[in-house]
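Undergrad: dropping the sequence and predicted coords here.
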Amino acid sequence: MKKDNVILADNLDLQEKHIQIIKDVSMRLAGILNIDQISVLVLEVLVNTLGYKISAVQLIDEEKKNLRFQIINAPKIVLRLVKRFLGFSPSDVKIPLTERKSYLVQSFLEKRITKSNDLYFFNCPVVSARVTKITQKIMRLRDIVAVPLMIKGEPIGVLSVGSSKEISDSELEFFKTFANQIAIALYNAKLLDEQKAQYAELQAAYKKLEELHQLQSLDRAKSEFIRVASHQFRTPLSGIRFEAEYILEKRERGDLAEGEAIDGIILIYERILFLIRTLNDIFDVLEIDQGEAKIKKEETSFAEAVKDAEEIIRQPFVYTQNTKKLTIDIKSVKQPVLIDREKVKRIITVLLTNAFVFTDKNGEILLQAKIKGKGKNRALNILISDNGIGIPAAERAKVFEKFYRASNASRAVPNGTGLGLFIVKTFVQMHGGDIGIKDAKGGGTIFDISLPI
């Protein structure tokens, strides 16, 4: 009786550990949108934290014909042994979906967990039975399982795990939940990779636009650019659809966790904002390049232009419980100023958006303005500063070029358009003004704008 109680207690402890690991991994995966980083994290948890002997992630390739080993976590001696017999790294292995003898393929195609005490059925046909037997003996493997990585009922890959002990039913349930969590993270990372590829295509299309423009083929160039731009939108739109359907399906099944719907709505909202910002940037650049962007200066309230920009800026961050502080000090600009209100609003909106995006959750942003000079030399001086990641000094001359993004900005936010600062500088120059970049005290960036009024 005591023995049964001990086993029951051990099972409860293991279940609690599994629940805690799923929570921890969920938190650690938040914000990671890189397939390799996700895979490394997952395998480290399985091998280093839970003590499994080997783990691997296999993903379906672009042609949907082979399972490709994304990453493997195993003792170095095993990896060297396999490489010696194969003549190439295990990470380069591809298993055709036609190889039905492979348990990895069976798990993928049949959408079910497969389990065996013979490693050969997971390595065939790539590794021979003899090499597999030696490998299994060296690693003292008892059981191996393959778990399909599922998204909306369809597999995107397989998670495989090897243990020196018999793998229990409770462990299989853990793997199933764990794999579901990983699949969502990998799917979102894959969407981002596709978006990056489409962004590169957008850059190439814009370059082609400029070349065609020189050949007086504007209509053809514009059509090509718009075609590629619309293609770029498919990835975030697919993400929006996936999140919405995921929430609705979970709600229909009755297992929608508290706060899960809100998290999904936030993700949908952020992707919609990205689409809107991208469209605005593209339309502005097209107008500029076609010579259709015009300045219409009128006596107007600068405070009202700032208020309009502030309303646009603050709204996106309400739903993410943003704690960033925005301070506006423009009280000295009381009288109307001669500016194009819409373009000045756009300048402020772009710069404040960048300031919010590239500061951390406790960041501080400051907008200041005052009138300098007299008579014909009067100018509206606008300073927008933050304590964010800053702009490398060597790259400041380039950040105003079309599609150019500072190296640290690209790492922090991979999906920017690289058009915002080009638009800002163009609108400033159309006013006859100047814009410069300085280091903020304590880190960050100051944009210094002067507009003749």
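TA: Sure, I can see it. Residues are numbered from 1 along each chain as shown.

Undergrad: might one say that Ala74 is in contact with Met139?
TA: Yes - with contact defined as C-beta atoms under 8 Å, Ala74 counts as touching Met139 (7.4 Å). C-beta: built from backbone N, CA, C; applies to glycine.

Undergrad: could you name every residue contacting both of the two?
TA: Shared contacts of Ala74 and Met139, defined by C-beta atoms under 8 Å, 6 or more residues apart in numbering, are found at 53-54.

Undergrad: from Val158, how far off is the closest residue to Pro125 other than its chain neighbours?
TA: Nearest residue to Pro125, sequence neighbours excluded (C-beta to C-beta, 6 or more residues apart in numbering): Glu99, at 5.7 Å. With the distance defined as C-beta to C-beta, to the nearest Å, Glu99 ends up 13 Å from Val158.

Undergrad: okay, these two: which has more neighbours?
TA: A direct count of neighbours by other C-beta atoms under 10 Å for Glu99 and Val158 places Val158 higher, at 30 against 15.

Undergrad: ok, that one - contacts?
TA: 57-58, 67, 104, 107-108, 146-149.

Undergrad: do Asp439 as well
TA: 390, 393, 445-446.

Undergrad: list the ones among those that fall in helices.
TA: Among the contacts of Asp439, no member is found in helices (DSSP state H).

Undergrad: so, low pLDDT: which residues of the stretch 51-200 of the chain?
TA: For the stretch 51-200 of the chain, the stretches flagged by pLDDT under 70 are 81-82, 85-88, 90-91.

Undergrad: okay, helices next: where are they in it?
TA: 76-86, 103-110, 120-123, 129-139, 169-214 (DSSP state H, counting those that start in this stretch).

Undergrad: out of the ones you listed, which one sits most buried?
TA: Ranked by mean neighbour count, the helices of the stretch 51-200 of the chain are led by helix 120-123 with a mean of 22 (mean count of other C-beta atoms under 10 Å).

Undergrad: distance from that one to the middle of the chain?
TA: 34 Å (C-alpha atoms, centre = their mean, to the nearest Å).

Undergrad: show me what that helix is packed against.
TA: Applying 3 or more C-beta pairs under 8 Å, 6 or more residues apart in numbering; DSSP states H and E, one finds that helix 120-123 contacts helix 103-110, helix 129-139.

Undergrad: can you lay out the helices of the stretch 51-200 of the chain as CSV showing distance to Lys53?
TA: Shown next, in CSV, are those (distance: least, C-beta to C-beta, whole Å):
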stretch, distance to Lys53
helix 76-86, 9
helix 103-110, 17
helix 120-123, 13
helix 129-139, 5
helix 169-214, 13
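
Undergrad: relative to Ile247, which of those helices is closest?
TA: Ile247 lies closest, by C-beta to C-beta, to one member of the helices of the stretch 51-200 of the chain: helix 169-214, at 12.2 Å.

Undergrad: which helices and strands sit right next to the closest one?
TA: Helices and strands touching helix 169-214, by 3+ C-beta pairs under 8 Å, 6+ apart, are helix 2-29, helix 35-44, strand 54-60, strand 143-151, strand 154-163, helix 218-232, helix 234-253, helix 260-289.

Undergrad: quick one: the ones you listed as JSON lines, columns for distance to Gly436 too.
TA: As requested, the helices and strands packed on helix 169-214 are exported to JSON lines (distance: least, C-beta to C-beta, whole Å):
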{"stretch": "helix 2-29", "distance to Gly436": "40"}
{"stretch": "helix 35-44", "distance to Gly436": "37"}
{"stretch": "strand 54-60", "distance to Gly436": "47"}
{"stretch": "strand 143-151", "distance to Gly436": "47"}
{"stretch": "strand 154-163", "distance to Gly436": "48"}
{"stretch": "helix 218-232", "distance to Gly436": "30"}
{"stretch": "helix 234-253", "distance to Gly436": "33"}
{"stretch": "helix 260-289", "distance to Gly436": "21"}
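
Undergrad: quick one, which of the ones you listed gets closest to Pro125.
TA: strand 54-60 (14.6 Å).

Undergrad: how far does that closest one sit from the chain's center?
TA: When distances are taken as C-alpha atoms, centre = their mean, strand 54-60 is centred 22 Å away from the chain's centroid.

Undergrad: which strands and helices sit next to it?
TA: Contact here means 3+ C-beta pairs under 8 Å, 6+ apart; on that basis strand 54-60 packs against helix 35-44, strand 66-73, helix 103-110, strand 143-151, strand 154-163, helix 169-214.

Undergrad: the same query, at a cut-off of 6 Å, please.
TA: Judged by 3 or more C-beta pairs under 6 Å, 6 or more residues apart in numbering; DSSP states H and E, strand 54-60 is in contact with strand 66-73, strand 154-163.

Undergrad: highest average neighbour count across these?
TA: That would be strand 154-163, which, of the helices and strands packed on strand 54-60, has the most neighbours on average (mean count of other C-beta under 10 Å), namely a mean of 23.

Undergrad: return the list of strands paired to that one, each annotated with direction.
TA: When sheet partners are counted by DSSP bridges, strand 154-163 sits next to strand 54-60 (antiparallel), strand 143-151 (antiparallel).

Undergrad: pull the distance from it to the chain's centre.
TA: With C-alpha atoms, centre = their mean as the basis, strand 154-163 stands 23 Å off its chain's centre.

Undergrad: who's in contact with Thr177?
TA: For Thr177, no residue meets the contact criterion (C-beta atoms under 6 Å, 6 or more residues apart in numbering).

Undergrad: need the per-residue pLDDT for Tyr246.
TA: Note on Tyr246: pLDDT of 77.
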